[in-house]
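A.B. asks: Would you be able to build a 3D model of this:
(chains A, B, C and D)
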Number of protein chains: 2
Amino acid sequence: MVAVNQIPEAVIRRLPLYARVLRVLEARQETVSSRELGDWLGRRPAQVRKDLSYFGRFGKQGRGYNVERLLAELREILGLSRTWNMALVGVGRLGRAIVDYRGFAPEGFEVVACFDASPERVGKKAGKLVVQPMAEMGQTFKEKDIHIGLVAVPANQAQHVIDQLVAAGARGILNYAPMAPKVPSGILVRYVDPVRYLQSMTFHLKNEKGFGHRASLD
Amino acid sequence: MVAVNQIPEAVIRRLPLYARVLRVLEARQETVSSRELGDWLGRRPAQVRKDLSYFGRFGKQGRGYNVERLLAELREILGLSRTWNMALVGVGRLGRAIVDYRGFAPEGFEVVACFDASPERVGKKAGKLVVQPMAEMGQTFKEKDIHIGLVAVPANQAQHVIDQLVAAGARGILNYAPMAPKVPSGILVRYVDPVRYLQSMTFHLKNEKGFGHRASLD
DNA sequence: ATATGTGAATGGGTTCACAGCT
DNA sequence: AGCTGTGAACCCATTCACATAT
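C.D. replies: Numbering: from 1, shown residues only, chains lettered A, B, ... in the order given. Below you'll find the model as predicted:
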């Protein structure tokens, strides 16, 4: 157990994975050991224990962790015991797929507004939402208590859009554009970029061997 | 410069990012310094230089790196100077969005076959492709020289699908399902999981401070 | 003056190994 | 016996600092 600000970032990024496995286990068993949890993710038991120990002492020697309890703790730690409102910018093909994506809601994330710079798109529907002009962003962020922005515009527009999101009050940004924007420090950015994963994969595939390394979840 | 099998995985995962920035720079300048390249990605110049130095000596003291040359080298190193054929499993909403995704082709990745376990979907069209039954997977992988599988099925079916992909000959898997499958060692798996990124973001957003850390591309 | 390439130093993250609880 | 929690040891990755080249 340790001060919040000195928890390794690597640990924080694993917590959602633990939560995910626990969701599956919830239905079938009451307790889980660090070994079992680690097996699901290709991790060593010691790592699981140490990761969790940054936040508290959730286990019982000789028994393991109570699945339900641990899941609840993790959701609390990650800030998932509330709903997070998000705004999407860019309602092209990809944007539409994002609005329709069924994976957000069960985890407490909701797209509650969407914006596009193109006048032809403004006013049309995207899922249940009406596409708004960029100018309304600041206003809408306040009204709807939005803290996260999703960016699904072409790479060459992404920087400008992200600047606008930050100005509107976004503190976190999920960037689907294949580029690396500059943001003020304090703004969190994460990247969804399937091609990038493929490209680091082909390095290994190309060298017929070089295969020995663990297929872990990084 | 060093043997292929002892290049840090972390370095390999950054190479696609360098390539991406170089693509942008290509149009506007002939050379780039490690400082400038690093600035684009929120990295220190020394890291850029060391990363590249694992593969060769591409720079010139006093000048920097030739953009075009470096990009070509990286594409070669990553195995991107060829086309990679991929197969999609799961032609639901998400699967359809993946087939339609415009980001793969320009980088040399192509979805050349798609499969679904549901008989109602088999035989129907998905983009330009006809949805095939799972049983044809092995055959098609050989015929079409497929090495990468994309998984877009519900979490509870993903393990089974991935087993089938591996049996069919897939050596790399891009998993859109929110779960962590077990695979034989030697098979590469990468995860596209927007929710996971959101969940590690909310940890920081929740603790109003804890913001100091760099918004880098990990 | 400017910028690379790299050995050495530092820092962060993972794993070991064991005391201690059930 | 089985399993956690954790300091210490280890290993991998990043950064520094400087010799070297243009």
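A.B. asks: near DNA strand D, which residues of chain A?
C.D. replies: Proximity of chain A to DNA strand D, by CB under 7 Å from any atom of the strand, involves residues A:1, A:33-35, A:45-46, A:49-50, A:52-53, A:57-65. In this view, the C-beta of every residue, glycine as well, is placed from N, C-alpha and C.
A.B. asks: For PyMOL, what selects the buried ones among those?
C.D. replies: Command for PyMOL that selects the buried part of the residues of chain A next to DNA strand D, burial taken from 16 or more other CB atoms under 10 Å in any protein chain shown:
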select buried, chain A and resi 33+34+49+52+58+59+64+65
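A.B. asks: Need the CA coordinates for the lengthiest helix in chain A. PDB is fine.
C.D. replies: If you go by DSSP state H, chain A has its longest helix at helix A:9-26. C-alpha atoms of helix A:9-26 as PDB (Å, rounded to 0.1, in the frame of the first residue of the first chain):
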ATOM      1  CA  GLU A   9       1.800   3.400 -14.700                       C
ATOM      2  CA  ALA A  10       2.400  -0.200 -15.900                       C
ATOM      3  CA  VAL A  11       0.400  -1.500 -12.900                       C
ATOM      4  CA  ILE A  12      -2.500   0.800 -13.600                       C
ATOM      5  CA  ARG A  13      -2.700  -0.400 -17.200                       C
ATOM      6  CA  ARG A  14      -3.000  -3.900 -16.000                       C
ATOM      7  CA  LEU A  15      -5.800  -3.300 -13.600                       C
ATOM      8  CA  PRO A  16      -8.500  -3.300 -16.300                       C
ATOM      9  CA  LEU A  17      -7.300  -6.700 -17.400                       C
ATOM     10  CA  TYR A  18      -7.600  -8.100 -14.000                       C
ATOM     11  CA  ALA A  19     -11.100  -6.700 -13.800                       C
ATOM     12  CA  ARG A  20     -12.000  -8.300 -17.100                       C
ATOM     13  CA  VAL A  21     -10.900 -11.700 -16.000                       C
ATOM     14  CA  LEU A  22     -12.700 -11.400 -12.700                       C
ATOM     15  CA  ARG A  23     -15.900 -10.600 -14.600                       C
ATOM     16  CA  VAL A  24     -15.600 -14.000 -16.200                       C
ATOM     17  CA  LEU A  25     -14.700 -15.800 -13.000                       C
ATOM     18  CA  GLU A  26     -17.400 -14.100 -11.000                       C
END
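A.B. asks: what's in contact with the helix or strand following it?
C.D. replies: Sequence-wise, the next helix or strand downstream of helix A:9-26 (DSSP states H and E) is strand A:31-32. For strand A:31-32, contacts defined as CB atoms under 8 Å, 6 or more residues apart in numbering or on different chains pick out A:22, A:25, A:63-67, A:70.
A.B. asks: Return the subset of the residues you listed lying in strands.
C.D. replies: Secondary structure defined by DSSP state E assigns A:64-66 of these to strands.
A.B. asks: now the helices: where do they sit in chain A?
C.D. replies: Counting by DSSP H, the helices of chain A are A:9-26, A:34-41, A:45-53, A:67-78, A:93-100, A:137-143, A:155-168, A:194-206.
A.B. asks: Let's have those helices in JSON lines, adding mean pLDDT and distance to residue B:114.
C.D. replies: Below are those laid out as JSON lines (pLDDT from 0 to 100; distance: least, CB to CB, whole Å):
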{"stretch": "helix A:9-26", "mean pLDDT": "95", "distance to residue B:114": "26"}
{"stretch": "helix A:34-41", "mean pLDDT": "96", "distance to residue B:114": "28"}
{"stretch": "helix A:45-53", "mean pLDDT": "98", "distance to residue B:114": "36"}
{"stretch": "helix A:67-78", "mean pLDDT": "98", "distance to residue B:114": "34"}
{"stretch": "helix A:93-100", "mean pLDDT": "94", "distance to residue B:114": "16"}
{"stretch": "helix A:137-143", "mean pLDDT": "98", "distance to residue B:114": "37"}
{"stretch": "helix A:155-168", "mean pLDDT": "96", "distance to residue B:114": "27"}
{"stretch": "helix A:194-206", "mean pLDDT": "95", "distance to residue B:114": "16"}
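A.B. asks: Out of the ones you listed, flag the one nearest residue B:186.
C.D. replies: Across the helices of chain A, residue B:186 has its closest neighbour in helix A:194-206 (9.8 Å, CB to CB).
A.B. asks: do the closest one and chain B meet?
C.D. replies: Yes - Helix A:194-206 is in contact with chain B by CB under 8 Å from any CB of the partner chain, via A:194-206.
A.B. asks: do you know which of the helices of chain A lies nearest residue B:99?
C.D. replies: Here helix A:93-100 is closest among these (CB to CB), at 11.0 Å.
A.B. asks: Now that closest one: buried residues?
C.D. replies: Buried-residue list, helix A:93-100, by 16+ other CB under 10 Å: A:94-99.
A.B. asks: Can you get me a residue count around the closest residue to residue A:8 other than its chain neighbours?
C.D. replies: Of all residues not flanking residue A:8 in the chain, residue A:54 sits nearest, at 7.9 Å (CB to CB, 6 or more residues apart in numbering or on different chains). Neighbour count for residue A:54, taken as other CB atoms under 10 Å in any protein chain shown: 17.
A.B. asks: Tell me both backbone torsions, phi and psi, for residue A:54.
C.D. replies: Phi and psi for residue A:54, reported as degrees, to the nearest 10, are phi -60, psi -20.
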